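> next come a sequence and a model predicted from it.
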Amino acid sequence: AQKVTQAQTEISVVEKEDVTLDCVYETRDTTYYLFWYKQPPSGELVFLIRRNSFDEQNEISGRYSWNFQKSTSSFNFTITASQVVDSAVYFCALRGLYNQGGKLIFGQGTELSVKP
Amino acid sequence: DVKVTQSSRYLVKRTGEKVFLECVQDMDHENMFWYRQDPGLGLRLIYFSYDVKMKEKGDIPEGYSVSREKKERFSLILESASTNQTSMYLCASSKRTSAHTDTQYFGPGTRLTVL
């Protein structure tokens, strides 16, 4: 069975602080894909990143960085120098190579609040 | 840019009513999905479709049906709405590729309240 756990339900930080959102996954597939989505108050899920299981290189995009550790089945997301506009619910998701229809398994989401 | 639109942002219906939620994508994607989002549960897949007139059950299909008569449009139907179907409904679409790396793109969501 596949499962994604985001243990942090809510996080509150002050602007300019760094913050890390945790994501732990379970799967028996050897080939799989991991995703992060951002859901701002407007409601639409915005795609942030996709990683495949063969690529453990960490990725940086501006203030965002992702740390993929296969050994601990984790795909954590760090925001450096957080801003008020980063306030949103963030979802981590998993898709096995053979998931029917490309089905995504989502974590429960982490609500990030960045205060000025 | 991928564009997925949903017919309503907010909807209020009464118990027992038949409810239609519409989703349209403009990127010629083969796959379309309906999720519901509830606090503490994340997103759960209701139904998906990988081609016109094709549909597959997701994890929580009970109380729902779907229709896909055209490639760009995927409808979610609540045959007889109940209060436990009060939720946020999100539609998504993705391209089917041989590389299996298709990313799902989401619409803005419909917040449905059943009274």
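Ah, there it is.
> pretty sure A:Asn67 is touching A:Ile60, no?
No - applying Cβ atoms under 8 Å as the test, A:Asn67 and A:Ile60 come out as separate, 10.1 Å apart. The C-beta positions use only the backbone N, C-alpha and C, and glycine is treated the same way.
> what pLDDT does the residue lying closest to A:Gln8 once chain neighbours are set aside get?
Leaving aside its sequence neighbours, A:Gln8 sits nearest to A:Thr110 (Cβ to Cβ, 6 or more residues apart in numbering or on different chains; 4.7 Å). Looking at A:Thr110, its pLDDT stands at 96.
> tell me the pLDDT at A:Thr78?
So, for A:Thr78, pLDDT stands at 96.
> report the contact partners of it.
A:18-21, A:64-67 (Cβ atoms under 8 Å, 6 or more residues apart in numbering or on different chains).
> quick one, what contacts A:Thr9?
Under the criterion of Cβ under 8 Å, 6+ apart, the neighbours of A:Thr9 are A:108-111, B:40.
> one more time with 7 Å, if that's ok
A:110-111 (Cβ atoms under 7 Å, 6 or more residues apart in numbering or on different chains).
> how about the most centrally placed residue in chain B, secondary structure?
Closest to where the C-alpha atoms of chain B average out (Cα atoms, centre = their mean) is B:Trp34, at 2.5 Å. Secondary structure for B:Trp34, judged by DSSP: H, G, I helix; E, B strand; the rest coil, is strand.
> you'd agree it is up against B:Tyr47?
Yes - assessed by Cβ atoms under 7 Å, B:Trp34 is found in contact with B:Tyr47 at 5.2 Å.
> pull up the overlap in contacts between those two.
Common neighbours of B:Trp34 and B:Tyr47, counting by Cβ under 7 Å, 6+ apart, are B:Val66.
> all strands for chain A, in order.
Assigned by DSSP state E, chain A shows strands spanning A:3-5, A:10-14, A:19-21, A:24-26, A:32-39, A:46-52, A:59-61, A:64-69, A:74-79, A:88-96, A:105-106, A:110-115.
> er, chain B actually
Under DSSP E, chain B gives strands at B:4-6, B:10-13, B:19-25, B:31-38, B:42-51, B:54-57, B:64-70, B:73-78, B:87-94, B:105-106, B:110-114.
> now for the first one, which elements pack on it?
Applying 3 or more Cβ pairs under 7 Å, 6 or more residues apart in numbering or on different chains; DSSP states H and E, one finds that strand B:4-6 makes contact with strand B:19-25, strand B:87-94.
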